[in-house]
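Participant: Make a model of this:
(2 chains)
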Amino acid sequence: MEHGIYLDNAATTPVSREVAEAVMECMLHNFGNPSSLHGMGLRAEKRLKEARERIASALGVDSEGLFFASGGTEANNLAIIGTALARRREGRHCITTRVEHPSVLNTFKYLEKEGWEVTYLPVNENGVVSPDDVRRAMRPDTVLVSIMHVNNEIGSIQPIQEIGRVLKAQGNSAVFHVDAIQSFGKLDIKPLQWGIDLLSISGHKIHAPKGIGALYIRKGVKIHPLLWGGGQEKGVRSGTENMPGIVGFGEAVRWLEGKADRGYLYRLKGILVAELTQRVPRAVINGPSPEEGAPHILSVSFPGIRGEVMLHALEEKGVYVGTGSACSSRKGHMSHVLEAIGTKKDVAQGAIRISISYLNTEDEMRQAAQIIERCVKELEGFVRR
Amino acid sequence: MERVALLRYGEIHLKGLNRPYFERALYNNIVNALKPYEGVTVKKAEGRYYVENIGDDPRIFDSVAKIFGIISFSPALKVEKDVAAIQKAAEVLVREVMEAKSSSPGEKITFKVESRRSDKSFPLNSMELSPKVGAYLLRSIPNLKVDVHHPMITVNVEVREQAYVYCQVIPAAGGMPVGTNGKAALLLSGGIDSPVAGWMIAKRGVELIAVHYHSFPYTSERAKEKVIDLCRILSQYCGEIKLHVVPFTRIQQELYQKCPHNLLTILMRRFMMRIAEVVAHKEDAKALVTGESLGQVASQTMESLCATNDAVSIPVFRPLIGMDKIEIMDLAKKIGTYETSILPYEDCCTVFVPKHPTTRPKLEMVREAEKLVEGDKLIEEAIANIEVLNVKG
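Facilitator: Here you go, the predicted model:
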């Protein structure tokens, strides 16, 4: 690959050639505004509809329920603040977990400042929340439960289906929001069958460009808009549609469907883990076991070698990984996710996140493991004593 | 009626026969600093400079305020030497100042007019000109009142080769024109202190080059970018900076493996100084500049500074030596480096910071410890791999 071995796909993915071509075509030729009355507007509207249908069908939902936004962060904000505003007269209590993405956690922090009460559920050592804890946290005034599907730092998978069942059994009218930004395109998600009311997805995690995401809103669920303007997206999200992004998003979903071999990612991950544990026996895997976690995310520590140093040593040799989430790696303090699963400080400081995509190969996994081994050997001599 | 800026210089006045040298240097620095603004011209006059054709871009005044050697400046209007034109210009400026002041309606704004006439052929002397302008202002602008003792607005009228009118005197950077006091090498880490130290020395007319130590993979490319950004901010004051990025990983690793850990920081500092000294000699710089402040950290105790100083024979300037951290931070905010300095990228990697550094190192012990590595060879290797970047704001 022209950029070395890229293993930071949970941060963002390269846009696939097919997607890039579709986006280019949309920018150069079919650049109309879907709201325009002339033919070019109509053609744009048609493409908008096509993309919406394609993405909705990948989720097994009605395309009427899919609303485009600027990305995962906006989709999460719209879901949480939009629900809070729409239901502020019914109750002011929300439930979430301690391991959510900052675009969820910080949105709830904002709501707390505005007078809402938020319960942050703990997770076990694998980073998994218990459906029983969700049930116990429910109150008559609970209006929103927001739980991510796949954790972006350690890849733990939350039991969304069971939580959906628990919520239904409660008979409470709380809205169930799922941040599926890391899982969309990699794991099955069935909003209708699992009792999900709101679901956030993002384009650039699945080889579409940055700047496009969507929120699925189940029919009948009320959301208060955050942006006001020309009433696009049925007034839920005003603003001229990001057509290149939307077309790219739709194309990426089509491209993924062609690749639908979900086993492929697990196979790559398996090779990487096997090679790595054999070559570097002191490597510590954080969070769920490789088979229990998501197929594309692996958090691994080399205690004594700081994750950031390891990351830079690897990049020198052409291997690109992350430390925790791209959003938190620059802040210097311990990851809230690793803290929540009880990781010791020296292990947490040594964590790197390896995340793979359908564009990676088996051979890259073997090479990466070799290079990691070399870096560990080089840096071991300078471990802090 | 034309908008101009009137720039006054300070300390150069005190110079004797070599005053033209300083004035020329300052002129060149002004021209360089204003290069980004198309069409602007700079004119030298007695005790001041005029910047003409400044248009309406307000950023030009920010640039002017950063030129060392200029003590204050005034946005002014240049008009014909004609009483009516001067009156009109005064009215425009007073209205502008009143708008900016946004006083409550009905409140009286006090003012006075001060005139100077260096062109004695002008028919009115200054005692006659001021009342004429003042009376006109009272007639044309409501809510004005004369107060010659404590006016809120002072309208200055100067009749020279042309007439100049201005209401504001804005303090500028002060100091001496950069380049009139030699060249020095600044050890620039990326923290809060070293950019401030560089700024203070540049203020005294010194041209700066910078030396930065890069420890990839322990410090990242972003840490280097941050130092480039800091140079860019500094260069707005002192012109283009030649930045030397020195690969430092190997030296740190050698020290870590071979020397007593409690002396690591001090040994590292000595190597930094020695390398900077070599760079300074090559670049014809006559001193080193560091951001050290007495007692701030273990490597900045009196004993540590002595041990650091011992590594080189070139003079080392430490302008922050007597300043508190909070004072340094305030200055960093004022000059605009603070926000960049606090970006959280590692500069001197924590991996190599000893848990218990010696705060009072014995010079003999330090010298002995240093012999455990092949210093000259390591330094030679580092110097051979220096990356040089010319950075400009």
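
Participant: wait, doesn't residue A:351 sit right on residue A:301?
Facilitator: Yes - counting by Cβ atoms under 8 Å, residue A:351 touches residue A:301, with 4.6 Å between them. (Each C-beta comes from the backbone N, C-alpha and C, glycine too.)

Participant: Look up the residues that both of the two are in contact with.
Facilitator: Contact with both residue A:351 and residue A:301 is made by residues A:286, A:307, A:343, according to Cβ atoms under 8 Å, 6 or more residues apart in numbering or on different chains.

Participant: neighbour-wise, which of these leads?
Facilitator: Using other Cβ atoms under 10 Å in any protein chain shown as the neighbour test, the shared contacts of residue A:351 and residue A:301 are led by residue A:286, with 28 neighbours.

Participant: Identify the bridge partners of that residue.
Facilitator: Note on residue A:286: beta-bridge partners by DSSP bridges are residue A:299.

Participant: Mind pulling up the pLDDT for it?
Facilitator: Note on residue A:286: pLDDT of 96.

Participant: Which residue would be the closest one in the stretch 101-250 of chain B to chain A?
Facilitator: Of all residues in the stretch 101-250 of chain B, the one sitting closest to chain A is residue B:217 (3.2 Å; Cβ to the nearest Cβ).

Participant: What count of nearby residues applies to that residue?
Facilitator: Count around residue B:217 with other Cβ under 10 Å applied: 22.

Participant: check contacts around the residue of chain A found nearest chain B.
Facilitator: Here chain A gets closest to chain B at one residue, residue A:312, 3.2 Å apart by Cβ to the nearest Cβ. Residues in contact with residue A:312 (Cβ under 8 Å, 6+ apart) are B:216-221.

Participant: Can you pick out the most distant pair from those residues?
Facilitator: Maximum pairwise distance in the contacts of residue A:312, criterion Cβ to Cβ, is 12.1 Å, between B:218 and B:221.

Participant: can you give me the helices in the chain?
Facilitator: Let's take chain A. Listed in chain order, the helices of chain A (DSSP state H) span A:17-28, A:39-59, A:72-86, A:102-113, A:131-137, A:160-170, A:191-194, A:243-258, A:263-279, A:307-316, A:336-340, A:345-349, A:362-380.

Participant: nope, chain B please
Facilitator: Ranges of helices within chain B are B:19-33, B:59-64, B:83-101, B:126-140, B:193-203, B:221-238, B:249-258, B:264-283, B:302-309, B:325-335, B:338-341, B:363-370, B:375-384, based on DSSP H.

Participant: And for residue A:375, the neighbour number?
Facilitator: The number of residues packed near residue A:375 is 24, by other Cβ under 10 Å.

Participant: Quickly note the distance from it to residue B:158.
Facilitator: According to Cβ to Cβ, to the nearest Å, residue A:375 and residue B:158 sit 69 Å apart.

Participant: do residue B:141 as well
Facilitator: For residue B:141, the distance to residue B:158 (Cβ to Cβ) stands at 21 Å.

Participant: quick one, which of the two is more surrounded?
Facilitator: Higher neighbour count among residue B:141 and residue B:158: residue B:158, with 21 against 15, using other Cβ under 10 Å.

Participant: tell me the contacts of the more buried one?
Facilitator: By Cβ under 8 Å, 6+ apart, the residues touching residue B:158 are B:115-118, B:164-165.

Participant: same question, residue B:30
Facilitator: Contacts of residue B:30 by Cβ under 8 Å, 6+ apart are B:7, B:42, B:49, B:51, B:64, B:67, B:70.

Participant: okay, residue A:351 and residue A:301: which has more neighbours?
Facilitator: Set residue A:351 next to residue A:301 and count neighbours by other Cβ under 10 Å: residue A:351 wins out with 29 against 23.

Participant: Mind pulling the model confidence for the more buried one?
Facilitator: Per the predicted model, pLDDT is 94 at residue A:351.

Participant: export the longest strand along chain A as CSV, just CAs?
Facilitator: In chain A, with assignment by DSSP state E, the single longest strand is strand A:142-148. Extracted C-alpha coordinates of strand A:142-148, given in CSV (Å, rounded to 0.1, in the frame of the first residue of the first chain):
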residue,chain,number,x,y,z
THR,A,142,-36.0,8.2,32.5
VAL,A,143,-36.5,9.6,29.0
LEU,A,144,-33.3,8.4,27.2
VAL,A,145,-31.0,5.5,27.3
SER,A,146,-27.8,5.9,25.1
ILE,A,147,-25.5,3.0,24.7
MET,A,148,-22.8,2.4,22.1
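
Participant: Parallel or antiparallel, list what pairs with it.
Facilitator: Taking DSSP bridges as the criterion, strand A:142-148 forms sheet pairs with strand A:93-97 (parallel), strand A:175-179 (parallel).

Participant: Give me the residues contacting the first one.
Facilitator: Pointing back at strand A:93-97 there. Outside strand A:93-97, the residues that touch it by Cβ under 8 Å, 6+ apart are A:80, A:84, A:104-105, A:108, A:111, A:116-123, A:129, A:134, A:137-139, A:141-148, A:158, A:174.

Participant: What is the burial count for the residue nearest to residue B:387 when sequence neighbours are not counted?
Facilitator: With Cβ to Cβ, 6 or more residues apart in numbering or on different chains as the criterion, residue B:387 has its nearest non-adjacent residue at 4.4 Å, and that residue is residue B:245. The tally of other residues near residue B:245 (other Cβ under 10 Å) stands at 19.

Participant: just checking, residue B:245 touches residue B:214?
Facilitator: Yes - with contacts counted by Cβ under 8 Å, residue B:245 reaches residue B:214, the gap being 5.2 Å.

Participant: Identify the contacts common to those two.
Facilitator: residue B:224.

Participant: quick one, domains of the chain?
Facilitator: Since you didn't name a chain, this refers to chain A. A:5-13+A:261-380, A:17-258 (automatic domain parsing).

Participant: I was after chain B.
Facilitator: B:2-171, B:183-391.

Participant: tell me which parts of the stretch 101-250 of chain B are close to chain A?
Facilitator: Proximity of the stretch 101-250 of chain B to chain A, by Cβ under 8 Å from any Cβ of the partner chain, involves residues B:216-222.

Participant: Sketch out the low-pLDDT regions of chain A for me.
Facilitator: Where chain A drops to pLDDT under 70, the residues are A:1-2, A:260, A:324-332, A:383-385.
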